[in-house]
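Q: Starting from these lines, generate the structure:
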Amino acid sequence: IKHSYLTLTYPQKLFTKIKNKRYIIHYPAVGVSLANLFAKYYGENMTVVSVAGKFLRQDLSFGAYFKLLQITFAETKDPIRGNEKLGRASISYDLGMNYTLNKNTNLGVVVYDVYSPELGSKVADFLSTRVKVGLAYQIENLTWAFDWLLSNGQFNFGMGFERWLLGRVFALRTGIKDIG
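A: Next up, the predicted model:
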């Protein structure tokens with residue numbers, strides 16, 4: 001089995017003039033990701049273009065994740081049509097929002113696979129529309145996170161923490177998911 005993943009994200013610094021002639025600095029980011037998984041008779045490709053940033057308000061961020069999903073199967077050895085790869089491709093997208101409640105607390109909402117792709121395999125079970133709500137609380141170099149996921153009519157709860165070490169050079173992360 002071969003697996004590869006490459007991502008590139010580039011933040012932009014923009015200034016927006018609002019009605020009372022104040023300027024707000026926004027940092028939208030644009031990213032491209034490529035992920036591949038190949039085995040002898042099966043392959044998955046995902047190409048992603050993402051965009052995120054603070055729009056309208058400094059305490060409110062939005063993001064979108066546009067995906068091209070491809071599944072390929074073994075080549076056929078048809079004497080009439082010749083060698084042919086079988087597979088399917090579909091598009092999907094995720095939408096997210098983050099709101100800063102106060103200096104230490106953030107609230108986020110993500111809708112995964114808003115358009116649920118049909119790829120004609122059991123993988124489609126994992127690509128149903130899901131909604132996740134999360135809450136993060138940060139004190140200095142320690143962040144506690146809690147999230148609730150609604151998927152296929154079932155709720156799951158997850159929690160974890162992140163601790164930055166060596167002056168925010170190295171992060172220790174751990175968590176538990178699918179409690180419930």
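
Q: any idea how far the closest residue to residue 105 other than its chain neighbours lies from residue 167?
A: What sits nearest to residue 105 in space, not counting adjacent residues and going by C-beta to C-beta, 6 or more residues apart in numbering, is residue 137, at 5.3 Å. Quick note: C-beta positions are derived from backbone N, CA and C, even for glycine. The gap separating residue 137 from residue 167 is 22 Å, by C-beta to C-beta, to the nearest Å.

Q: For these two, indicate the residue with more neighbours.
A: The neighbour count for residue 137 versus residue 167, taken as other C-beta atoms under 10 Å, is higher for residue 137 (15 against 7).

Q: so that one bridges to which residues?
A: Taking DSSP bridges, one obtains residue 105, residue 144 as the residues bridged to residue 137.

Q: give the contact list for the residue nearest to residue 105.
A: Residue 137 sits next to 104-105, 143-145 when contact means C-beta atoms under 8 Å, 6 or more residues apart in numbering.

Q: Apply 6 Å and report the result again.
A: Contacts here follow C-beta atoms under 6 Å, 6 or more residues apart in numbering; on that basis residue 137 touches 104-105, 144.

Q: do the same with residue 94
A: Residue 94 touches 65, 112, counting by C-beta under 6 Å, 6+ apart.

Q: That one: which element?
A: strand 82-102 (DSSP states H and E).

Q: Show me what counts as buried in that strand.
A: Neighbour counts over strand 82-102 (16 or more other C-beta atoms under 10 Å) mark 87-88, 90, 92-94, 96, 98, 100 as buried.

Q: And those, which is closest to residue 33?
A: Closest approach to residue 33 among the buried residues of strand 82-102 (C-beta to C-beta): residue 94, at 12.2 Å.

Q: Distance check, that closest one against residue 111.
A: Residue 94 sits 7 Å away from residue 111, going by C-beta to C-beta.

Q: likewise residue 10?
A: The value you get for residue 10 to residue 111, if C-beta to C-beta is used, is 25 Å.

Q: Neighbour count for those two, which is higher?
A: Neighbours were counted for residue 10 and for residue 111 using other C-beta under 10 Å; residue 111 has more, 15 against 9.

Q: Verify the contact between the more buried one and residue 132 for me.
A: No. Contact criterion C-beta atoms under 6 Å: residue 111 and residue 132 do not qualify, at 8.2 Å.

Q: helix/strand/coil for the residue nearest the centre of the chain?
A: With distances taken as C-alpha atoms, centre = their mean, the residue of the chain nearest its centroid is residue 65 (6.4 Å). Residue 65 carries the three-state label strand when classified by DSSP: H, G, I helix; E, B strand; the rest coil.
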